[in-house]
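[1] Dropping a prediction and its sequence here:
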Amino acid sequence: MDLSLNDEQQAFRDLARDFLDREAVPHRTQWDRDEQVDLAIIPKMAEIGFFGLTIPEEYGGLGGDYLTYVLGMEELGRADSALRGIVSVSNGLFGKSVLGFGTEEQKQEWLPRIAAGTALGCFGLTEPGTGSDAGNLTSRARRDGTDYVLNGQKLFITNGTWADVALVFARTSDDGARGVTAFLVPTDAPGFEAREIKGKLGLRGQATAELFLSDVRVPESARLGDEGQGFKIAMTTLDKGRVSVAAGCVGIVQGCLESSVSYAKERTQFGRPLAGFQLVQELISDMSVDADAARLLVWRCADLIDRGEPFGVAASKAKLFASEAAVRAANNAIQVYGGAGYVDEHPAEKYLRDARVMTLYEGTSQIQKLLIGRAETGIAAFV
Ligand code: COS
């Protein structure tokens, strides 16, 4: 595998970093305090191409390779994970599901708007009663003539209150994971309601919502894939989503490293810069190794995806390692900053609060370990 970036990949990474350093980094603390990013950044991010990464040019996207996508996610994670989440869910979880499983009409209807950032998508899988046990979801879709009528509740849905369209997974039969079907539900459909969840530990700038579906009627043409194919669609999409989360975590580790180095060189104690103390260098060295190791695991996934090879287990490894590394690095960054790191004037505490959910969502660390263990042994352990 060639680890050097080509000119286009390098140019996109530079463009993304430059843009985010100007448009996001100076505002992220205030957005976090406000519990909402300034939505004016969405069209600006779309102009850079964030929402069209991996969407083919024929649907208005950049049509870039997956390595370019993960470079973008890393830069977003370094700047503000709330922004990374908005993009990863709209372009990633929603867009990739439509691209992978949609009809030509569904692709034409949604992908150009997703790529342009004029529509946001969300991914309605998790429910109050089913997080890790996604195959057991209880939302229902009942056939009524040529329509489906959806009822149920979804929880922790990123973009939920901002989205124009929700990919909703609902049960069309009682056959476990095989009874789940996916639907593209416009969020202005009668009976659809989204309520924002406030008071999160991190990712405060993004809208995380609870969705309520009460007799929401959609036509058959809103069904994504076949009846009973929903769980596979969710799992296939989450495999890629986990790469995206992992890439964002690489950005968190990188951000922790850069800010810790800079603070440790500035701040003096006992008559010398913190950076001159061996125990501080140890903290920094651990971040540096974690950044490289996590990035290599993520780039391997991108390489497998770009070559059309299976990548699910590699994605679990990348997500497991990078998310745990992000928590470690952010915790160490606070240690470098000392008391100053406990206050949001410096980025370390936000990195820690944002990192914490990375070991939970899109499959907990425990679920990743089960998937890796299952692949190594060939035995599906009892979850
Ligand atoms: N890609 C494609 N198909 C997949 C798949 C994948 N990654 N993983 C599972 N499937 C298919 C299986 O092949 C199986 O198909 P068949 O019924 O045709 O054999 C079906 O889906 C059921 O798979 P499995 O038996 O492995 O399902 P389990 O109920 O054992 O669930 C876990 C496996 C627990 C690993 C799965 O539910 C999971 O990943 N949970 C975490 C969900 C999650 O990430 N939630 C957070 C969402 S935040 S947006």
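    Structure received.
[2] Please enumerate the helices of the stretch 101-250 of the chain.
    Assigned by DSSP state H, counting those that start in this stretch, the stretch 101-250 of the chain shows helices spanning 104-116, 230-266.
[3] how near is residue 326 to the ligand?
    Per CB to the nearest ligand atom, to the nearest Å, residue 326 is found 17 Å from the ligand. Any C-beta I mention is one placed from the backbone N, CA and C, and that applies to glycine too.
[4] hang on, the earlier thing: export the helices of the stretch 101-250 of the chain to a markdown table and append columns for mean pLDDT and distance to residue 364.
    Formatted as a markdown table, the helices of the stretch 101-250 of the chain follow (pLDDT from 0 to 100; distance: least, CB to CB, whole Å):
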| stretch | mean pLDDT | distance to residue 364 |
| --- | --- | --- |
| helix 104-116 | 98 | 28 |
| helix 230-266 | 98 | 11 |
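[5] With respect to residue 348, which of these lies nearest?
    Nearest to residue 348, of all those, is helix 230-266, at 6.7 Å by CB to CB.
[6] How far off centre is that closest one?
    How far helix 230-266 lies from its chain's middle: 8 Å, per CA atoms, centre = their mean, to the nearest Å.
[7] Residue most distant from the centroid, the protein?
    Largest separation from the mean C-alpha position in the chain: residue 271, at 43.2 Å (CA atoms, centre = their mean).
[8] which phi and psi does that residue have?
    Main-chain torsions, residue 271, degrees, to the nearest 10: phi 80, psi 10.
[9] May I have the residues that are in contact with it?
    Applying CB atoms under 8 Å, 6 or more residues apart in numbering to residue 271 gives no contacts.
[10] how close does it sit to the ligand?
    Distance, residue 271 to the ligand, by CB to the nearest ligand atom: 50 Å.
[11] can you check residue 251 too?
    Relative to the ligand, residue 251 is positioned 19 Å away (CB to the nearest ligand atom).
[12] how deep is residue 286 tucked in, by neighbour count?
    Number of residues near residue 286 (other CB atoms under 10 Å) recorded here: 16.
[13] ok, it to residue 257 distance?
    Distance, residue 286 to residue 257, by CB to CB, to the nearest Å: 10 Å.
[14] Quick check: neighbours shared by those two?
    Joint contacts of residue 286 and residue 257 (CB under 8 Å, 6+ apart) are residue 329.
[15] what residues does the stretch 51-200 of the chain put near the ligand?
    Counting by CB under 6 Å from any ligand atom, the positions of the stretch 51-200 of the chain adjacent to the ligand are 123, 125-126, 131-132, 134-135, 177-178.
[16] The single nearest residue of the stretch 251-383 of the chain relative to the ligand: neighbouring residues, count only.
    Closest residue of the stretch 251-383 of the chain to the ligand, CB to the nearest ligand atom: residue 363 (3.4 Å). The number of residues packed around residue 363, counting by other CB under 10 Å, is 26.
[17] how about it, secondary structure?
    With DSSP: H, G, I helix; E, B strand; the rest coil as the basis, the three-state label of residue 363 is coil.
[18] Who are the contact partners of it?
    132, 238, 242, 316, 319, 371.
[19] rewinding a little: among the residues of the stretch 51-200 of the chain next to the ligand, name the ones in strands.
    Judged by DSSP state E, these include residue 123 as members of strands.
[20] Only whichever of the residues of the stretch 51-200 of the chain next to the ligand are buried, select them in PyMOL.
    Those of these that count as buried under 16 or more other CB atoms under 10 Å are selected in PyMOL with:
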select buried, resi 123+125+126+131+134+135+177
